[in-house]
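Participant: Show me the folded form of this:
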Amino acid sequence: MNFNVITLFPEIFDILDHSIIKRAKEKNLIKINLVNLRNFGIGKHKIVDDTPYGGGPGMILKVDVMDKALGSIKNPGRIILLTPQGKRYTQADTRRLSKYDNLTLICGHYEGFDERIRQLADEQISIGDYVLTGGELPAMVLIDSITRLLPGVLGKDHSSIDESHSKVGKIEYSQYTRPEVYRGKKVPQILLSGNHAEIKKWRQEQSKKRSK
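Facilitator: Modelled structure (predicted):
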């Protein structure tokens, strides 16, 4: 899968050069193409924003600059605008978006962006009901959550099947590892029994309780 990310701060994405995402890149399972919006700015100073019509605080990202940045991407695929006004992101969206070969993520910044930029996107996504300084962190959330669903990314492809939110309304069961007893708290005896049928039943019950 190819991720195209339009951003004013491509260096922020260095955090993705670690762990599972790094290995996915090394295996060529994903590619992350960082498009610096500043490169498409206007004039000598590469201006990407301007004051809002009608007055008000802050600076607004320009629609013509964003349009040029999008036009530079050969295969944009599905274009997603990351914005607090978007649809709240869910695991169902993660699975849906993992089917695309190309995704383009637009990161806003400053006070906001020209309303006409919305018309350049296929959909708008929010990662929660709060406001961030820009769309870079939401873009990384999408890249991380989608990448781990791609075949060959996780050590065992079934690792993503039973985890929280893999099914609507479902939260993963409790998990334990050594030591068997820690500060007086013991691992549930059923997990030490070796009875895989009963362990599976217990885990299903735990998942139901947590989900409720």
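
Participant: what about the chain, any weak spots by pLDDT?
Facilitator: Low-confidence segments of the chain, defined by pLDDT under 70: 156-169.

Participant: again, 90 this time
Facilitator: Residues of the chain that meet the criterion pLDDT under 90 lie in 56-58, 109-112, 131, 155-172, 207, 210-212.

Participant: Where do the domain boundaries of it fall?
Facilitator: 2-147, 162-211 (automatic domain parsing).

Participant: Is it correct that L137 falls within a helix?
Facilitator: Yes. The assignment for L137 is a helix, going by DSSP: H, G, I helix; E, B strand; the rest coil.

Participant: Next, the contact list for it, please.
Facilitator: L137 makes contact with I127 under the criterion C-beta atoms under 8 Å, 6 or more residues apart in numbering. C-betas here are computed from N, CA, C, even on glycine.

Participant: And it, how close does it get to T90?
Facilitator: 17 Å (C-beta to C-beta, to the nearest Å).

Participant: again, but for Y53
Facilitator: 35 Å.

Participant: okay, these two: which has more neighbours?
Facilitator: The residue with more neighbours, out of Y53 and T90, is T90; 13 against 8, by other C-beta atoms under 10 Å.

Participant: Got phi/psi on the more buried one?
Facilitator: With angles defined as degrees, to the nearest 10, T90 sits at phi -130, psi 170.

Participant: Over to I125?
Facilitator: According to degrees, to the nearest 10, I125 has phi -130, psi 140.

Participant: ok, now which ones touch the closest residue to it other than its chain neighbours?
Facilitator: Take I125 and drop its neighbours on the chain: the residue closest to it by C-beta to C-beta, 6 or more residues apart in numbering is G86, 4.4 Å away. Applying C-beta under 8 Å, 6+ apart to G86 gives the contacts 123-126.

Participant: again, 7 Å this time
Facilitator: 124-126 (C-beta atoms under 7 Å, 6 or more residues apart in numbering).

Participant: do D49 as well
Facilitator: 59-62, 110.

Participant: which ones are touching the residue lying closest to it once chain neighbours are set aside?
Facilitator: The shortest distance from D49 to any residue other than its chain neighbours is 4.0 Å, reached at M59 (C-beta to C-beta, 6+ apart). Under the criterion of C-beta under 7 Å, 6+ apart, the neighbours of M59 are 49-51, 110-111.

Participant: Good, we can wrap up now.
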